[in-house]
Every structure is written in C-alpha cells, then in structure tokens.
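Undergrad: Pasting a predicted model and its sequence here:
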Amino acid sequence: MDNCVFCKIIDGSIPSNKVYEDDKMLAFHDIAPEAPVHVVMIPKAHITSVDALNAENIDYIAHIFSKAGEIAKSVGLENGYRIVTNCGADGGQTVFHIHFHLMGGKKLGKMV
C-alpha cells in the first residue's frame with residue numbers, strides 16, 4: 001500500500017511518537033489529539049476497514065484489543081478511556097487502514 005500514511009509510519013518512512021510496538025501492531029500519539037491523551041493503534045497488516053475483516057486477519061484486531069489496557073496504563077489512563085474506530089467515508093474514516101483511537105485523560109462526554 002504505497003500511498004497509505006499508516007503503512008509509511010509502520011515502515012519508518014514517516015516518523016511517529018511511538019507508545020507501543022510489537023510484531024503485530026503499532027501504537028503512537030495522534031498528531032492532532034482530540035483528548036488530553038489520544039493514541040492511535042494500528043495493525044501492521046494493511047486492512048482497509050472493519051468491512052475488510054475476515055478469518056485471515058482478525059487476529060491482528062484481537063491482538064490490538066488484548067494490548068489496549070496495557071497501552072492505556074502506560075500513558076497514564078487510570079480512570080477509563082474510550083476506543084473509537086470509523087468505517088467508510090460516511091463513518092468519518094479518512095485513512096483507509098483500520099485504526100483505533102484510544103482517548104482519555106479527562107471525563108469524556110457522550111458520543112454523537
């Protein structure tokens with residue numbers, strides 16, 4: 001995926017402020033945070049969106065969610081957090097590489 005900004009972050013051609021990395025995922029601070037703490041969690045496999053999940057790639061997403069609590073603690077989120085993903089243009093997705101926003105650091109209001 002030559003034009004994917006998240007693939008470029010994964011391969012290191014675009015720098016990021018990493019929070020966590022292993023062989024299946026990368027988590028980094030969002031460059032335009034919408035909460036005091038805003039981390040983006042992405043799989044290292046290029047999966048375009050929730051609509052593209054299948055038996056071959058679902059393990060990447062399960063792994064991200066298995067690490068989310070650890071990542072939240074590592075950035076000081078002790079009293080809760082929110083995880084958000086967008087799917088498709090009408091759902092607000094702007095980067096077509098599935099990703100999850102982990103946000104917190106204050107009491108978050110209702111969604112939508």
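TA: Everything's here; your move. Residues are numbered from 1 along each chain as shown.
Undergrad: Which other helices and strands does the longest strand seen in the chain contact?
TA: In the chain, with assignment by DSSP state E, the single longest strand is strand 37-43. Strand 37-43 is packed against helix 5-11, strand 25-29, helix 58-74, strand 100-104, with contacts defined by 3 or more CB pairs under 8 Å, 6 or more residues apart in numbering; DSSP states H and E. All C-beta atoms are positioned from the backbone trio N, CA, C, and that covers glycine.
Undergrad: and with 10 Å instead?
TA: Other helices and strands packing on strand 37-43, by 3 or more CB pairs under 10 Å, 6 or more residues apart in numbering; DSSP states H and E, are helix 5-11, strand 18-21, strand 25-29, helix 58-74, strand 81-84, strand 100-104.
Undergrad: Any chance of the ones you listed in JSON lines with distance to residue 51, mean neighbour count and mean pLDDT as columns?
TA: Listed next are those as JSON lines, based on distance: least, CB to CB, whole Å; neighbours: other CB atoms under 10 Å; pLDDT from 0 to 100:
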{"stretch": "helix 5-11", "distance to residue 51": "17", "mean neighbour count": "17", "mean pLDDT": "97"}
{"stretch": "strand 18-21", "distance to residue 51": "26", "mean neighbour count": "15", "mean pLDDT": "98"}
{"stretch": "strand 25-29", "distance to residue 51": "20", "mean neighbour count": "20", "mean pLDDT": "98"}
{"stretch": "helix 58-74", "distance to residue 51": "13", "mean neighbour count": "15", "mean pLDDT": "98"}
{"stretch": "strand 81-84", "distance to residue 51": "16", "mean neighbour count": "16", "mean pLDDT": "96"}
{"stretch": "strand 100-104", "distance to residue 51": "15", "mean neighbour count": "21", "mean pLDDT": "98"}
